[in-house]
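[1] Compute the structure for the input listed below.
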Amino acid sequence: CENVHQLHLPVFCLDRSILIFLCLDKLFIMGDFADNALIKKLNEFGLKHEVYSHVACTTADELVANVPLGSDKETHTKNLFFKDKKHGMFLVTHATSTTFNTKQLGALLKLEGKVNMRLADATLLDKHMKAKPGHVGPLCIVNDESKEVKLILDKALMDYEVIHSHPAQNDASVKLAPSVLQEFMTKAGVEPVIVDFTAAPPAPAGGAPQQKGEKKQGGGKQQSKQNKKSAKKGDTLLALQWKKAENFPMWYSDVIVLSEMISYYDISGCYILRPWSYKIWDLIQKWFNDQLLELEVENCYFPLFVSQDRLEKEKDHVEGFAPEVAWVTKSGESELAQQIAIRPTSETIMYPAFSDWIKSHRDLPLKLNQWSNVVRWEFKDPTPFLRSREFLWQEGHTAHATYEDADKMVMQALDLYKQVYQDLLCVPVVPGYKTEDEKFAGGHMTTTVEAYIAGSGRAIQGATSHNLGQNFGKMFDIKFQDEKGETQIAWQTSWGLTTRTIGVMVMVHGDDKGLVMPPKVAPLQAVIVPIISKKLTVEIADPYCTSILKDLKKLGIRVKYDDRTMYNPGWKYNHWEQKGVPIRIEVGPMDIQKKQARIVIRHNGEKMDMPVEGLGSAIETKLEEIQKTMFEKALKARDEHIVQVTEWKDFVPNLELNNLVLTPWCGGEHKDWEEWVKKTSREESLKARGEELEDERTATSVAAKTLCIPFDQPELPEGTKCIASGLPATCWCLWGRSY
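    Okay, here's the model as predicted:
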């Protein structure tokens, strides 16, 4: 049935039927946000409010553009944190429609003497508001324990029915009435100053200054451009509001929402995978399952929950995951006798069963795979597909009689991951070994495939395959009798691939029109669009287009005939371009007359006319050509940004050029020097940018980290020194900034 779609809903939902209804109607529902201190304070005061998640927005302009409100009786807020040497600190909160000249702020506040207002830096903001730039709202004033900051509220805010503001996180907003905001301040012991900014002279073209980290606004073309981004989207909701080269994070959020891949959910870090993205995952699963059959790996399913005793049995393993483990502590209103973990990975869930099943060498190898969801309570900035608290994956777990057999399985699994990225997603990867510091917690050795995102200049770990050695076998008593009757411990592997693959594909190939899909994973490989007019009626176009549809479907091409009459052809072109469909087949009156069709290629805009006779075979060939061309383009962009560096002085400058850096290294066991590179590259990068500190919670640090020790090693001249320690180099190591 073409109109029935698969999707994935977050595991944290009490009533999924209600959730689906709300998603289809594009509504937000009130969230939990139990770990947010400001929401806790609102609940403690018993004040009426609603909280909802949305795309991360650092500026007021981004909020206006990406989080439209229900009516003109509601407003977002803009928040500015000022410091004056003589008069102290001020948090100014005003409606997004309000403009004022900050030079007149002193007069409005009736401050005596010289006034020199300056935007405070991120360190001072964090100290008093406990928030990062772009995350601030008026509720943050309660975090000022020293009571040094004066809250200034725009009088215009009081004229709105509803105020929306950040609760110290920029991917959520609190919705409350002005009277509730005032009551909150009263109960918190805060006395805000309410100012009529309209009493100040008109603001200059640039408006109020912005917090550090925000884009400056100017007059002329720049102002016009900003106004365009701030404007509400048109009726079609098709135009991306951000350019890939201008604001990569916001472009990415724009693309995955407007292309109908993702819907935001009311629990931060959890997302709804809509049918368009889930179909990609479904196609990856089908391909992967076929490969697993060839390797004699069987699918299975293990429970979502793991007891505390089992999870903590392997010390190094649990320490690696401890900060991310989510625990179930209650059943209804009753406390559980022992808390239960939601699986962050399944080693400790599966291996007790392995111990029961494996008794003899005849029981080996045991090769299992499961498709499931896992939960890792990530506290860094969440990003759909790349970094989320719940995600989908496959995880393979095998047990073998020898190290050699286990190592062979590790490499076979890694080769499958390389094929997923390069053959299906058209994303080139670098396979290699992880260093001791980066390897899987509790494992013997980790291999990886690393991808590169040209738009952000960052690497990303694509997938990993681990040789666990005998460590887990010892912990979980996975023993067998060999052919000589002697007791041996099994050698094990684990390997996993996640829905991160989808995000990497979007980032690598997407453009300013939206998604660009590789044909092998495109939910639709082609779409047929009739150009209905007085010269070409639906009655004439329908049989012609239906014939093309049948021809393509016979060859297994995923194709759709867009016969909707409520949209014009131009709207349909934009719609399917944004969703990344590789080929558009246009049918106009002249095409029918000439027994042809106009073919438009998504990734490069190429157009050509093809006869309908044999069109299916021609489209098949064109899809193969697109797949090949997209990979070659991505490979060229990646290779242009891998540079060899042998002296430290060239290391950070190349990072600043968005390069991955291949350097001589003294070996993956040197954790101390690896940490030195992270620390020093961060310090030098911040200094080069004129910045002092970096938020430790950031998911996109300016520091370099080891990506891998590539399998493919360039020649290493004798006597070459490690770039950091000066010790004799034993290998080349790939470094970069990473997600």
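
[2] can you tell me which residues contact residue 611?
    Residue 611 makes contact with 595, 596, according to CB atoms under 8 Å, 6 or more residues apart in numbering. (Glycine included, C-beta is placed from N, CA and C.)

[3] tell me the mean pLDDT for stretch 174-190?
    Throughout stretch 174-190, pLDDT has a mean value of 93.

[4] Could you do stretch 294-310 as well?
    Looking at stretch 294-310 alone, the average pLDDT works out to 94.

[5] do the same with stretch 37-57
    Mean per-residue pLDDT for stretch 37-57: 90.

[6] quick one, phi psi at residue 578?
    For residue 578, the backbone dihedrals (degrees, to the nearest 10) come out as phi -60, psi -30.

[7] wait, isn't it in contact with residue 512?
    No. Using CB atoms under 8 Å, residue 578 makes no contact with residue 512, being 10.4 Å away.

[8] Identify the contacts common to those two.
    Counting by CB under 8 Å, 6+ apart, the contacts common to residue 578 and residue 512 are residue 240.

[9] so what's the nearest residue to residue 292 once chain neighbours are set aside bridging to?
    Excluding the flanking residues, the one nearest residue 292 by CB to CB, 6 or more residues apart in numbering is residue 369, at 5.7 Å. Counting by DSSP bridges, residue 369 forms beta bridges with residue 299, residue 396.

[10] one step back: okay, residue 578 and residue 512: which has more neighbours?
    Between residue 578 and residue 512, residue 578 has the larger neighbour count (other CB atoms under 10 Å), namely 23 against 14.

[11] quick one: the nearest residue to the more buried one once chain neighbours are set aside and residue 527, what's the gap?
    In space, and not counting its chain neighbours, residue 578 is closest to residue 514: 3.4 Å by CB to CB, 6+ apart. Taking CB to CB, to the nearest Å as the measure, residue 514 falls 14 Å from residue 527.

[12] Over to residue 648?
    Using CB to CB, residue 648 is found at 52 Å from residue 527.

[13] out of these two, which sits in the more crowded spot?
    Counted by other CB under 10 Å, residue 648 and residue 527 do not tie: residue 527 has more neighbours, with 24 against 16.

[14] Name every strand pairing with the one helix or strand the more buried one maps to and say which way it goes.
    Element membership for residue 527 (DSSP states H and E) is strand 526-530. Paired neighbours of strand 526-530 in the sheet (DSSP bridges): strand 559-561 (parallel), strand 583-587 (parallel).

[15] closest to residue 247 out of the ones you listed?
    Residue 247 lies closest to strand 583-587 among those, at 27.9 Å (CB to CB).

[16] For the closest one, which outside residues touch it?
    525-531, 536, 541, 544-545, 548, 569, 573, 576-577, 597-602, 615, 619, 622-623, 626.

[17] and if you look at stretch 246-256?
    Applying CB under 8 Å, 6+ apart, the contact partners of stretch 246-256 are 55-56, 62, 66, 215, 240-244, 261-262, 277, 383-385, 455-456, 503, 506-507, 510, 512, 514-515, 578.

[18] Are any of those residues buried, and if so which?
    Among the contacts of stretch 246-256, those classed as buried by 16 or more other CB atoms under 10 Å are 55-56, 62, 66, 240-242, 244, 261-262, 277, 383-385, 455-456, 503, 506-507, 510, 514-515, 578.

[19] Burial-wise, tell me which of the strands paired with strand 526-530 comes out on top.
    When you average the neighbours per residue for each of the strands paired with strand 526-530 (mean count of other CB atoms under 10 Å), strand 583-587 leads with a mean of 23.

[20] after that strand, next one along is what?
    Next helix or strand after strand 583-587 toward the C-terminus (DSSP H and E): helix 589-594.

[21] State the mean pLDDT of that next one.
    96.

[22] what about the helix or strand just after it, distance to the chain center?
    With elements assigned by DSSP H and E, the helix or strand that comes after helix 589-594 is strand 596-601. Taking CA atoms, centre = their mean, to the nearest Å, one finds the center of strand 596-601 at 34 Å from the center of the full chain.

[23] Could you list the buried residues of the helix or strand just after strand 596-601?
    Counting by DSSP H and E, the next helix or strand C-terminal to strand 596-601 is strand 607-611. Using 16+ other CB under 10 Å as the test for burial, strand 607-611 gives residue 610.

[24] between strand 607-611 and strand 583-587, how many degrees?
    Using axes from the mean of the first three to the mean of the last three CA atoms, to 10 degrees, the direction of strand 607-611 lies 60 degrees away from that of strand 583-587.

[25] Give the burial count for the nearest residue to residue 536 once chain neighbours are set aside, as a bare number.
    Nearest in space to residue 536, with sequence neighbours left out and distances taken as CB to CB, 6+ apart, is residue 589 at 4.2 Å. Around residue 589 there are 17 other residues, counting by other CB under 10 Å.

[26] same question, the one 4 residues further on
    Applying other CB under 10 Å, we find 10 residues neighbouring residue 593.

[27] Please renumber the chain so that the first residue is 48 from this point on.
    With 48 as the first residue, the last one maps to residue 640.

[28] do you know how far it is from residue 709?
    Separation of residue 640 from residue 709 (CB to CB) stands at 58 Å.

[29] Show me the beta-bridge partners of the nearest residue to residue 647 once chain neighbours are set aside.
    Spatial nearest neighbour of residue 647, chain neighbours left out: residue 631 (4.3 Å); criterion: CB to CB, 6+ apart. Taking DSSP bridges as the rule, residue 631 bridges to residue 574, residue 647.

[30] residue nearest the centroid of the chain?
    The residue lying closest to the centre of the chain (CA atoms, centre = their mean) is residue 430, at 2.9 Å.

[31] Return stretch 590-608 as PDB; C-alpha atoms alone will do.
    Extracted in PDB, the C-alpha atoms of stretch 590-608 (Å, rounded to 0.1, in the frame of the first residue of the first chain):
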ATOM      1  CA  PRO A 590      -2.500   7.200 -19.400                       C
ATOM      2  CA  TYR A 591       0.900   8.400 -20.700                       C
ATOM      3  CA  CYS A 592       2.400   8.900 -17.300                       C
ATOM      4  CA  THR A 593       0.800   5.600 -16.000                       C
ATOM      5  CA  SER A 594       2.500   3.800 -18.800                       C
ATOM      6  CA  ILE A 595       5.900   5.200 -17.800                       C
ATOM      7  CA  LEU A 596       5.200   4.300 -14.200                       C
ATOM      8  CA  LYS A 597       4.500   0.700 -15.100                       C
ATOM      9  CA  ASP A 598       7.600   0.400 -17.300                       C
ATOM     10  CA  LEU A 599       9.900   1.700 -14.400                       C
ATOM     11  CA  LYS A 600       8.200  -0.500 -11.800                       C
ATOM     12  CA  LYS A 601       8.700  -3.600 -13.800                       C
ATOM     13  CA  LEU A 602      12.500  -3.000 -13.500                       C
ATOM     14  CA  GLY A 603      12.300  -2.600  -9.700                       C
ATOM     15  CA  ILE A 604      12.800   1.200  -9.800                       C
ATOM     16  CA  ARG A 605      11.200   3.000  -6.900                       C
ATOM     17  CA  VAL A 606       9.000   5.500  -8.700                       C
ATOM     18  CA  LYS A 607       6.000   7.700  -8.000                       C
ATOM     19  CA  TYR A 608       3.500   9.300 -10.300                       C
END
